[in-house]
Structure formats: C-alpha cells, structure tokens
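# Fold the following and give me the result.
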Amino acid sequence: MALTKSDIVEKVYGLGFTKKEAVDIIESLLEIIKSTLEKGDDVLVSGFGKFCVKNKTQRRGRNPATGDDLMLRARKVVTFKCSGKLRNKINNQ
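I've put the predicted structure just below:
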C-alpha cells in the first residue's frame, strides 16, 4: 500500500500540529521541492536521497498498441537516488 499525501498530513498532525498547520507544512514542502526542480536544481535530503532533473534526448520509440514507429521528443525527467543510509535501512543492514 502506498503512502499518500493525506497519510503524511495525518502523521504530522499526530506530532501536535493542528490539521490546517499540518496541511500547510506538507503543501509548502512539496511546493519548495517542485519549484526547485522546475528551475533545474537538484533536491538533496540528507539521509533520504537526491531528486535530480535529467535531460533526455529525442529518440525513436514504438507505439506498443499499434507497433508504429515514432519519434519521442526531447524532455526532462525527474530521477531519485536513495542515500546509502536509506538503502541499508530498507535492506535491514
């Protein structure tokens, strides 16, 4: 089961904030991350990981439904690389 934004708000609310404060905190945090990535800058959260904006070049692709060849446009994608601490925690090390 995925952790949703409302689940995160509930966890922050459980720390003693009001519901509105918890929503505002999470919305502000996500807005900061989004605006930073929009500018093309990386977001590094120590002990968690790094969000990076990568440029993908134009390339040839295929429509899986029809099998037709097409050109995929150049675009930017967001990647995430987890920290060593998080990786070890996930692997119970």
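# Other residues contacting stretch 26-34?
By C-beta atoms under 8 Å, 6 or more residues apart in numbering, the list of residues contacting stretch 26-34 from outside reads 5, 8-9, 12, 43, 51. Where C-beta positions appear, they are placed from N, C-alpha and C, glycine not excepted.
# Quick check: buried residues in that stretch?
Buried residues in stretch 26-34, counted by 16 or more other C-beta atoms under 10 Å: I26.
# Can you tell me which of the contacts of stretch 26-34 are buried?
Neighbour counting by 16+ other C-beta under 10 Å classes 8-9, 12, 43, 51 among those as buried.
# of those, closest to R60?
Of all the buried ones among the contacts of stretch 26-34, F51 has the smallest distance to R60: 28.1 Å, by C-beta to C-beta.
# In terms of helices and strands, where is the closest one?
The secondary structure element spanning F51 is strand 49-56 (assigned by DSSP states H and E).
# Report all helices and strands that that strand contacts.
helix 19-38, strand 43-45, strand 75-82 (3 or more C-beta pairs under 8 Å, 6 or more residues apart in numbering; DSSP states H and E).
# Take these and write them to CSV, including distance to M1.
As requested, the helices and strands packed on strand 49-56 are exported to CSV (distance: least, C-beta to C-beta, whole Å):
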stretch, distance to M1
helix 19-38, 19
strand 43-45, 23
strand 75-82, 20
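# how about these, which one is nearest T57?
Of all the helices and strands packed on strand 49-56, strand 75-82 sits nearest to T57, with 9.1 Å by C-beta to C-beta.
# Let me have the helices and strands packed on strand 49-56 in TSV, adding mean pLDDT and distance to K56 as columns.
Converted to TSV, the helices and strands packed on strand 49-56 look like this (pLDDT from 0 to 100; distance: least, C-beta to C-beta, whole Å):
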stretch	mean pLDDT	distance to K56
helix 19-38	97	15
strand 43-45	97	19
strand 75-82	96	5
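# out of the ones you listed, nearest to R59?
Set against R59 and scored by C-beta to C-beta, the helices and strands packed on strand 49-56 come closest in strand 75-82, at 10.2 Å.
# Identify the residues contacting the closest one?
Applying C-beta under 8 Å, 6+ apart, the contact partners of strand 75-82 are 37, 40, 48-56, 90.
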